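1. got a sequence here, can you model it:
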Amino acid sequence: SPRNPMGLAAMTLAGGQDAIHGTNVPGSIGGYVSYGCIRMFNQEMCGSLENMTKQLTLARKIILADQIIPYYQPKVRLSDGAVIGFEALLRWQDQNQNIQLPSEIFAAFQDYELASRISETMQLKVFADMSRWQAQGLDLLPISINAAPVEFLRDDYAEKLLARLSNFDIPAHKVELEITEQSLSEHGANYVVRALNLLKQAGIQISLDDFGTGHSSLTRLQDYPVDCIKIDRNFVERMNSDPSALAIVKAITQIGSSIALDVLVEGTENTEQLDTLIHCDCQIGQGFYFYRPMAGASAQALLHPADQ
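-> Numbers count the residues shown, from 1 in each chain. Now for the predicted structure:
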């Protein structure tokens, strides 16, 4: 109903708490409500629900006002710092022209419609940048785009991405797709694998982001059409003080290399970390030590003429 759009049947108990009968409650509430059961609904849950609603409302406004802006963080070769590609990162511009982070609208990435609209906007703007750089005679470097797990809920993700890419006449091998381990472990993972296979057949590279933080194992990587694994920044932050974190970085690098996967290390922020990563035989990285995420004009300045 208009007063109760989420299908919550609430009743106040004698103790002052609310009970919610979870019949049509979306999973994005965060596990507070299970289908067909009753759980106590306390003030903390109410606050979380209000925050989620605010984020969803803000996301809709950002999309309608066309405030989404792609920023680009360079990927570098660790041995000499040469830029070999970019990761496209979501940013948005508020009413005061300040650049904001996607954490402000995190809940939108758990909603299929909003996540898909944000993803479409990002793809179109990134491809427009690439098309413009290409038209100016610049040598395009591969750019990776991110996909939220919820975007694969319908079995047409790959077809839509390839259609957009074709409209801009951009070579498929200049685009990479980054997914998380969560995408491969949730219900509907078969849709994800089918989409990844289709994209890889078209020439798009696939990266597994934040590797080591989820449930995937190195041995299962051969079951997926993955070309690159990204070691999560959490391990890089700890590796010079925590032997287990260092061991994980070494193990992922060595095994990744042995099964012909590229390995990229996230979150490099100082010389000590860089020296350790090079000693671990890591080849590619990104982080504030090299470059912070930058607007399209700054990324363009790092490109070279195609005839060089």
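2. which SS state does Thr57 fall under?
-> State at Thr57, reduced to three classes by DSSP: H, G, I helix; E, B strand; the rest coil: helix.
3. contacting residues for it?
-> With contacts taken as C-beta atoms under 8 Å, 6 or more residues apart in numbering, Thr57 has no neighbouring residues. C-beta: built from backbone N, CA, C; applies to glycine.
4. tell me how far it lies from Asp281.
-> The span separating Thr57 from Asp281 equals 47 Å under the rule C-beta to C-beta, to the nearest Å.
5. show me the helices in the stretch 201-308 of the chain, by range?
-> Along the stretch 201-308 of the chain, counting by DSSP state H, counting those that start in this stretch, helices occupy 233-238, 243-258, 271-279, 296-300.
6. ok, longest helix in the protein?
-> helix 112-135 (DSSP state H).
7. the strands in the stretch 101-250 of the chain, which residues?
-> Here the stretch 101-250 of the chain has its strands, by DSSP state E, counting those that start in this stretch, at 143-146, 175-180, 205-211, 228-231.
8. off-centre distance for the last one?
-> Between the mean C-alpha point of strand 228-231 and the mean C-alpha point of its chain there is a distance of 13 Å (C-alpha atoms, centre = their mean, to the nearest Å).
9. same check on the second one?
-> Computed by C-alpha atoms, centre = their mean, the separation of strand 175-180 from the middle of its chain amounts to 8 Å.
10. kindly report the same for the third one.
-> Averaged C-alpha coordinates place strand 205-211 at 9 Å from its chain's average position (C-alpha atoms, centre = their mean).
11. quick one, that strand and strand 175-180 angle?
-> With axes from the mean of the first three to the mean of the last three C-alpha atoms, to 10 degrees defining the directions, strand 205-211 sits at 30 degrees from strand 175-180.
12. what about strand 205-211, average pLDDT?
-> Per-residue confidence for strand 205-211 averages out to 89 on the pLDDT scale.
13. okay, now the sheet partners of that strand, with direction.
-> Strand partners for strand 205-211, identified by DSSP bridges, are recorded as strand 175-180 (parallel), strand 228-231 (parallel).
14. restricting to C-alpha, output it in PDB.
-> What follows is strand 205-211, C-alpha atoms only, in PDB (Å, rounded to 0.1, in the frame of the first residue of the first chain):
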ATOM      1  CA  GLN A 205      39.600  -9.200 -19.800                       C
ATOM      2  CA  ILE A 206      38.100 -10.300 -16.500                       C
ATOM      3  CA  SER A 207      39.600  -9.400 -13.100                       C
ATOM      4  CA  LEU A 208      38.600 -10.800  -9.700                       C
ATOM      5  CA  ASP A 209      38.700  -7.900  -7.200                       C
ATOM      6  CA  ASP A 210      39.600  -7.900  -3.500                       C
ATOM      7  CA  PHE A 211      40.900 -11.500  -3.800                       C
END
